[in-house]
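> Have a look; sequence and predicted model below, questions after that.
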8 protein chains.
Amino acid sequence: MELTVYLAGQIHDDWRGDVRTKAKEKNLPLTFVGPQENHGRSDDIGEAILGEQPGKLYKDDAASSINNFRTEVLMQKSDVVIALFGENYKQWNTAMDASAAMQMNKPTIVVRPESLIHPLKELSNKANVTVETIDQALDVLAYIYE
Amino acid sequence: MELTVYLAGQIHDDWRGDVRTKAKEKNLPLTFVGPQENHGRSDDIGEAILGEQPGKLYKDDAASSINNFRTEVLMQKSDVVIALFGENYKQWNTAMDASAAMQMNKPTIVVRPESLIHPLKELSNKANVTVETIDQALDVLAYIYE
Amino acid sequence: MELTVYLAGQIHDDWRGDVRTKAKEKNLPLTFVGPQENHGRSDDIGEAILGEQPGKLYKDDAASSINNFRTEVLMQKSDVVIALFGENYKQWNTAMDASAAMQMNKPTIVVRPESLIHPLKELSNKANVTVETIDQALDVLAYIYE
Amino acid sequence: MELTVYLAGQIHDDWRGDVRTKAKEKNLPLTFVGPQENHGRSDDIGEAILGEQPGKLYKDDAASSINNFRTEVLMQKSDVVIALFGENYKQWNTAMDASAAMQMNKPTIVVRPESLIHPLKELSNKANVTVETIDQALDVLAYIYE
Amino acid sequence: MELTVYLAGQIHDDWRGDVRTKAKEKNLPLTFVGPQENHGRSDDIGEAILGEQPGKLYKDDAASSINNFRTEVLMQKSDVVIALFGENYKQWNTAMDASAAMQMNKPTIVVRPESLIHPLKELSNKANVTVETIDQALDVLAYIYE
Amino acid sequence: MELTVYLAGQIHDDWRGDVRTKAKEKNLPLTFVGPQENHGRSDDIGEAILGEQPGKLYKDDAASSINNFRTEVLMQKSDVVIALFGENYKQWNTAMDASAAMQMNKPTIVVRPESLIHPLKELSNKANVTVETIDQALDVLAYIYE
Amino acid sequence: MELTVYLAGQIHDDWRGDVRTKAKEKNLPLTFVGPQENHGRSDDIGEAILGEQPGKLYKDDAASSINNFRTEVLMQKSDVVIALFGENYKQWNTAMDASAAMQMNKPTIVVRPESLIHPLKELSNKANVTVETIDQALDVLAYIYE
Amino acid sequence: MELTVYLAGQIHDDWRGDVRTKAKEKNLPLTFVGPQENHGRSDDIGEAILGEQPGKLYKDDAASSINNFRTEVLMQKSDVVIALFGENYKQWNTAMDASAAMQMNKPTIVVRPESLIHPLKELSNKANVTVETIDQALDVLAYIYE
């Protein structure tokens, strides 16, 4: 049984590449999807498609409408969501995506470091599973196939 | 027509009192509900009811299960959600509640300062309305009754 | 049994006053809600609350976010929707509201003049009932109480 | 990941052919579906299948029941909806289809010329993305695959 | 706890009056709603509101659109549905209403005489409860209040 | 685009074979599913699997639980429902299946002879399309592929 | 804000009376509903209404259809569910009701003694809150009103 | 038509192997999924992935979050659920899974021995079909393909 997994989280480093590599090593029949991973491209996509906007608010709103569209399409096609939080960045997108996924009844794994236990406690409690590392998240996915 | 409004957001200062006062001044037929506003009580509620837990993770998980229960009950009874973001704190709860509300088709107003336009751009775009102040949020609610 | 009725349609004349008067004459226990009926106010509400915007597109987007918020709140509280079309104006809002109502399983009456039979044929077919006059729409509502 | 895209909008010119050609040039794995594009056939399909009807209203109602059936089947099979508005025709079908799609949580792109910003402002605000040209709509779809 | 009960079934005799009287005798806090009980009025309501139609098919379609509208409004307001079948008439409306109610998760009681066990076996099996008499149906409702 | 079509209706003659043959002649990419077509087998399936029951009511209830299970599984897998009514038999199953399908938003075609216009008027009005013959129903399905 | 609470669990002793008394002492604005608490009445209700059945299976099926009907009506009217497990009895009803409640998004509190931690671990994990005593469950409800 | 079947029930013996073998003998195009069948692995999975927990409650909660995740993923992919009860073990998981499946409108077969008729009467009544043996459950599935 093939599953599609949406990878929600920051796009400042290549943690998704790490997930993909490790899933391949474990021979898991998973397809990974997620947001635009090129940060500049993600921020600029609104003006890139719609043209110059009259200020930062409008540039951001244009970009976010297209980023949200992409997320909506891909999350609806997904069977499972992994939402990764790290120690940097605001990551409200990640919280938004994780919460939307849970409300849509998409089984959701939250990955967060020990240092974030307290501020993420309500989100962790609401998630199906909370782990600390990508390896653990993949162990949870691998468990489906045992 | 009376409406019930859930006030999502941080619980470190009395912004909800401000909302209540201003709604009263405008004679709006609104009932406000929200999370536990006593921060210590919110953090300790798990151990207060369930007894001592074996560490911070477990204390936090116990507290958050009860806080999430309260939020779930009250948000289901609400017609509208206001989610306020400020410049301090992680506020992942706020993002989680706002996103859950939108996914449940609860009409949602995001309140955030200009300084947070960029990190909240996807959440703002997904919300029904985004404003910068509590006064503006109440203006939006008052507009329903014009 | 009291029912709440959302009145979707143009806001250039006082057809809703006509509906309200006639419902009163028939002693029907109906509460009517609907969009902002002051056209200028409806167009300007975005800038009135959010401040000046950098052009017509942005002014319109700001206004529509608040108008849509109002519609969403009130339509969710409604038991029935009446959508009136006339010979003037684009009325895409009316079509949008009527279609959203039908998709939400709100029983919907379309009112349209004979001259609009052809362009409204798919919407009429999808509506629960299609009539030509406000009097007929009220006859349909009165029939619930016979 | 293959996606099915419903193309809502007028059927008086071959804009859908344009969409198909451009998607092919970009090698996007998209399947396009939509309404009957032969305008005469669309208007006459009721009598063509059900036999002569006693007047225009009945001819139109018969045709629209079959057109709505087709739309319903194909839209349910679609992952994304593009709704194109132009400067001619009433296009209430387009507004109806776009609104139904959004209510069904189908991610929706509205395409409309600058001249229609004002009358389409509520629909644009409710859509996931609003653009002005078919090329921009395809850029948005292509962005999903970056 | 007050409950609203939709009474689906034929409108050729006053079985609903019987239900109302017996519920009153048992002091049950029930409000009963249902279709138009005047058979002629029900058949003629389309032409009464919309004017003469060009034949039986069109007269019937006009009437049924208004009858279905009434049913839809009242069934959505109901907590429970009783669907009564007797030995006469086609009663496809009754089967339609009972099935729609069950699909909407409205708890449904089917009342049918012993002679109809076989032809109604799939509908009875799908209903929450099947009984043979109005008295038994009221006993089931009274049991909620014990 | 392949579609699965559930064929609801009586099982006393081979009308489904007729549908299958005609669909093949038109080269329509349709898969047809439906209830058990062997009438004796359908009536006896409860006792065949569960053993002898203590009377007709119990035999019928056992059979119908298995028939309803089959219908539920296959209707959920279907994209479209055709519900055929003829002049004989009670056909409450057909009305139940058609109504359940419509409530599940399965696009539904009702096929019924002219003689049944009146007793089926509410069901016809609620269906997406009503026709009189199998050929017309297939014309409607073929229209999706034009 | 008044809340209705469904009390799922065994009916062999008067634990619900205990809940009601304690809620009253705390002045909580709660209305409690639940299953028939007279065990003999609950087991016999099928034959009491429908007449003698041909064996235990049929007697039980008749009773359970009426008990399930009552549960369905009252649970749909409830805002919150408390499901209590004790050390005796099979209590599959309780597990069924708790699970149905959670699937319906009714916020649910599981009450179970320490001795049942292991066999109820999946149900506890899925519940919003798990506690060990009725007092704790009421503390959770009281917390909503703080 | 291929179907995926979730096998809910205890994991102390190899009854699922029996189901798989018999389905193969009957050449049924079924794919079976279910919980982790290695009992020790199922109990230990929480600590295996998340590390040692501070006591039985926490070990069980960790394990159950991962077991529930697996169940949620696989049940959403299933078309049908078989829930088997035997005379040993608490089996509250089985009742939870069966009830969740029914609430999700997954057609569900309950398998239980005659000795459990009484304690499972409400669950059996709510299930689509109740049988006593695995062979009967497979007969019900085979009937879909007749």
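Cool, got the structure. Residues are numbered from 1 along each chain as shown, chains lettered A, B, ... in the order given.
> contacting residues around the residue in chain A sticking out farthest from the centre?
Farthest-out residue of chain A from its mean C-alpha position, per C-alpha atoms, centre = their mean: residue A:54, at 29.8 Å. Neighbour list for residue A:54: C:54-55, C:58 [criterion: C-beta atoms under 8 Å, 6 or more residues apart in numbering or on different chains]. Using the backbone N, CA and C atoms, a C-beta is placed for each residue, glycine as well.
> That one belongs to a strand, doesn't it?
No - Residue A:54: not assigned to a strand; according to DSSP: H, G, I helix; E, B strand; the rest coil it is coil.
> got the phi/psi numbers for it?
phi -80, psi 50 (degrees, to the nearest 10).
> Mind checking if stretch A:115-126 is in reach of chain B?
Yes - under the criterion of C-beta under 8 Å from any C-beta of the partner chain, stretch A:115-126 makes contact with chain B via A:116-126.
> What lies in contact with the strand of greatest length in chain A?
In chain A, taking DSSP state E as the definition, the longest strand is strand A:3-9. Applying C-beta under 8 Å, 6+ apart, the contact partners of strand A:3-9 are A:15-16, A:19, A:29-35, A:71, A:74-75, A:77-86, A:91, A:93-94, A:97-98, A:101, A:106, A:111, A:141, A:144, D:1, H:73.
> Only the buried residues of it, if you could.
A:3, A:5-9 (16 or more other C-beta atoms under 10 Å in any protein chain shown).
> Do you have the helices of chain A handy? List them.
Here chain A has its helices, by DSSP state H, at A:15-25, A:39-50, A:56-76, A:92-103, A:121-126, A:134-144.
> residues near the residue in chain A positioned nearest to chain E, how many?
Going by C-beta to the nearest C-beta, chain E is nearest to residue A:105 of chain A, at 17.1 Å. By other C-beta atoms under 10 Å in any protein chain shown, 12 other residues sit near residue A:105.
> isn't it right next to residue H:100, touching?
No - using C-beta atoms under 8 Å, residue A:105 makes no contact with residue H:100, being 10.9 Å away.
> Grab the nearest non-local neighbour of the spatially most central residue of chain A.
Nearest residue to the geometric centre of chain A (C-alpha atoms, centre = their mean): residue A:8, 0.4 Å. Among residues not flanking residue A:8 along the chain, residue A:97 sits closest, at 3.8 Å (C-beta to C-beta, 6 or more residues apart in numbering or on different chains).
> separation between the one you found and residue C:56?
33 Å (C-beta to C-beta, to the nearest Å).
> which of those two has more neighbours?
residue A:97 (28 against 12).
> Run through the residues that contact that one.
A:6, A:8, A:71, A:75, A:81, A:83, B:99.
> returning to what we had before: now list the buried members of the contacts of strand A:3-9.
Buried among the contacts of strand A:3-9 by 16+ other C-beta under 10 Å: A:15-16, A:19, A:30, A:32-35, A:71, A:74-75, A:78-86, A:91, A:93-94, A:97-98, A:101, A:106, A:111, A:141, A:144, H:73.
> Widest-spaced pair of the contacts of residue A:97?
Spatial extent of the contacts of residue A:97 (C-beta to C-beta) is set by the pair A:6 and B:99 at 14.3 Å.
> Which pLDDT value does the model give the residue lying closest to residue A:122 once chain neighbours are set aside?
Leaving aside its sequence neighbours, residue A:122 sits nearest to residue B:64 (C-beta to C-beta, 6+ apart; 4.5 Å). Per-residue pLDDT puts residue B:64 at 98.
> Repeat that for residue A:20.
Confidence at residue A:20, expressed as pLDDT, is 98.
> Over to the one 3 residues further on?
Looking at residue A:23, its pLDDT stands at 98.
> What number of residues are in the vicinity of it?
Residue A:23: 20 neighbours (other C-beta under 10 Å).
> and the closest residue in space to it that isn't next to it in sequence, what is it in contact with?
Of all residues not flanking residue A:23 in the chain, residue A:30 sits nearest, at 5.1 Å (C-beta to C-beta, 6+ apart). Going by C-beta under 8 Å, 6+ apart, residue A:30 touches A:2-5, A:23, A:141.
> What about residue A:139, how many residues nearby?
Close neighbours of residue A:139, defined as other C-beta under 10 Å, add up to 18.
> Next up, the contacts around the closest residue to it other than its chain neighbours.
Closest residue in space to residue A:139, ignoring its immediate chain neighbours: residue H:49 at 4.7 Å, by C-beta to C-beta, 6+ apart. By C-beta under 8 Å, 6+ apart, the contact list for residue H:49 reads A:131, A:136, A:139-140, A:143, H:62, H:66.
> let's see it at 7 Å
Contact analysis of residue H:49 by C-beta atoms under 7 Å, 6 or more residues apart in numbering or on different chains lists A:131, A:136, A:139-140, H:66.
> which one of the residues you listed sits closest to residue H:39?
residue H:66 (14.6 Å).
> any idea how far that closest one is from residue D:134?
From residue H:66 across to residue D:134, the span is 47 Å (C-beta to C-beta).
> more neighbours, the two?
residue H:66 (26 against 19).
> Name the nearest residue to residue A:31, ignoring sequence neighbours.
Spatial nearest neighbour of residue A:31, chain neighbours left out: residue A:4 (4.7 Å); criterion: C-beta to C-beta, 6+ apart.
> Do you know the pLDDT at that neighbour?
Reported pLDDT for residue A:4: 98.
> Check residue A:117 too.
98.
> Phi and psi next, for it.
Main-chain dihedrals, residue A:117, degrees, to the nearest 10: phi -50, psi -50.
> any idea how far residue H:54 is from the residue nearest to it when sequence neighbours are not counted?
Nearest residue to residue A:117 in three dimensions, chain neighbours excluded: residue B:57, at 5.4 Å (C-beta to C-beta, 6+ apart). Applying C-beta to C-beta, the value for residue B:57 to residue H:54 is 9 Å.
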